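Enquirer: Take a look and give me a structure for this.
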Amino acid sequence: MNIRKILALALALAVLLAAIVLVDRRDRARRSQEGTLLDLTAEAVERIELRNARGAFAFSRDGVGWRLEKPVAARADKVIVEGILDNFCPLKYDRLIAGQGAELKDFGLDRPEIELKLLAKGRPAATVLLGTKNGIDGSSYATLADGGRVAAIAGYRRNDLEKDLFAFRDKKLFAIDPASVTALEFRTAAGALALARKQGRWFLERPLHSLAREEKVGDLISAASLLEATAFLPLAGDAARAGFGLDRPLLTAEFTTPLGKRRIEIGRKDEATYALADGSAEVGAIAGDFPDKFAGAAVDWREKRVARVFAFDVRELSVRRGAFQADLSRDDSGSWVFSRPAAGRKPDEEKTDALLAALADLEAASFVDDPGALAGVARQAAVARVVLKTEDPAVPGKRSERILEFFPAQGEEVVVRDPSLAYAFRVNRGILGKLPGKIDDIASSSSPDGSAAPKAGN
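Expert: Predicted coordinates for the structure are as follows:
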């Protein structure tokens, strides 16, 4: 290696070492200025009092949440309140500006822009004063009300302290846990519906009895639990209801939980939509599409899927059609095998998956609700019977069973009955052509050893 390269490398190394030393010195100098202005744990704080340019506010801890006590009594936004605690408990500063006896007016602290009082159990109240912002880096000057040092704190720490009453409020109008709802009744222009959850499934109770569309009910309950106000408006007596369209509600809904019933009314006035929750003295302005979740007649809420399974959740399958019967199950690798030996045959994966897909996608064109008509169906002999056993992917080992009985075709339709339901389904007769009637309809054309499979009947 020539001398020039050696000198160049030495120079580069010297520059690198100098940069490392400089950065290290700056970092040590910065750390020497950092410190703690207030040493307090967030979990110990039971009450918060705040004054800013928007007004005066008071919060108190309420179990796992927070209540707004001043200027109105309401649920507080837990995220914002806990954000304040995260930023001030403990309160760390970036650099110390002045020690004891500093002239507060030089930092806007003689007339602070923000006063934050934190009251913790077993400790004297701690009041933090925030003065003007540093125009260079956006930091704020801070001190404690009982005197002492003046420090500069990061500008983001005061963001939550500058909010207004609406921001501090919990905007949710309807505090319900979707998983706890066991019944639901609502009335719209289309009529009244009642639903109930039984053994993990949702049923329509009125005006007809039927399985309900799980995803539609779940979407509705989730939307109600997440419903937020874009503004809060006082409700001064019954006469004021007309001003929000609540004298003739667009929608009235009642949700039942183990803790009791919760009711909400939706009104519309001059293209604005409003919600009034039971027990509230205020109306919340809401998004106009919320009532759409409740739209539709009873038939729109009925579950049309006949099998109500997902093909990949099926672990056992049994098909009986006339004298033919096939029993299959998935092995540990997920492949299909015959539970009942079938003379040197194995299930055809493609044929089996196609059958399961057809059953999973099968939907009713109409329903047999009349008890007399249903009794007439039951008096006939079923032409095919399918049993599906599924495993809940969320709870391994938890199995459920679906039984489907197929009756003789009537024109272009076939009646399918689930014995656990008090009604039956009418579906397109094409499903009969997809149900196996002989071993070749579901078995592979080759035997497990790869040789040609024996013909049916051999």
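Enquirer: The most centrally placed residue in the chain: which element?
Expert: Closest residue to the average C-alpha location of the chain: residue 222 at 6.7 Å, with Cα atoms, centre = their mean. For residue 222, the host element (DSSP states H and E) is helix 214-225.
Enquirer: Which other helices and strands does that helix contact?
Expert: strand 183-188, strand 201-206, strand 251-257 (3 or more Cβ pairs under 8 Å, 6 or more residues apart in numbering; DSSP states H and E). All C-beta spots, glycine's among them, are computed from the backbone N, C-alpha and C.
Enquirer: got the angle between the last one and helix 214-225?
Expert: If I follow you right, that is strand 251-257. Interaxial angle of strand 251-257 relative to helix 214-225 (axes from the mean of the first three to the mean of the last three Cα atoms, to 10 degrees): 100 degrees.
Enquirer: and the helix or strand just after strand 251-257, what other elements does it pack with?
Expert: Heading C-terminal from strand 251-257, the first helix or strand you meet, by DSSP H and E, is strand 260-269. If contacts are counted by 3+ Cβ pairs under 8 Å, 6+ apart, strand 260-269 sits against strand 251-257, strand 272-277.
Enquirer: and the angle for the longest one with strand 260-269?
Expert: What separates the directions of strand 251-257 and strand 260-269 is an angle of 160 degrees, with the same axes, to 10 degrees.
Enquirer: Tell me the buried residues in strand 251-257?
Expert: Under the neighbour-count criterion of 16 or more other Cβ atoms under 10 Å, strand 251-257 has 251, 252, 253, 254, 255, 256 buried.
Enquirer: Test my guess that the third one contacts residue 264.
Expert: In other words, residue 253. Yes. Judged on Cβ atoms under 8 Å, residue 253 makes contact with residue 264 at a distance of 5.4 Å.
Enquirer: Identify the contacts common to those two.
Expert: Taking Cβ atoms under 8 Å, 6 or more residues apart in numbering as the criterion, residue 253 and residue 264 both touch residue 224.
Enquirer: if we can go back for a sec, quick check, nearest of the buried residues of strand 251-257 to residue 139?
Expert: Closest approach between those and residue 139, by Cβ to Cβ: residue 255, at 47.6 Å.
Enquirer: State the pLDDT value of the nearest residue in space to the closest one that is not next to it in sequence.
Expert: Closest residue to residue 255 apart from its sequence neighbours, by Cβ to Cβ, 6 or more residues apart in numbering: residue 262 at 4.9 Å. In this model, residue 262 is scored at 94, pLDDT.
Enquirer: Next, count neighbours for residue 262.
Expert: 18 (other Cβ atoms under 10 Å).
Enquirer: Next: residue 429.
Expert: Neighbour tally, residue 429, other Cβ under 10 Å: 15.
Enquirer: Neighbours of residue 229, how many?
Expert: A count of nearby residues for residue 229, using other Cβ under 10 Å, gives 21.
Enquirer: next one: residue 164
Expert: Neighbours of residue 164 (other Cβ under 10 Å): 12.
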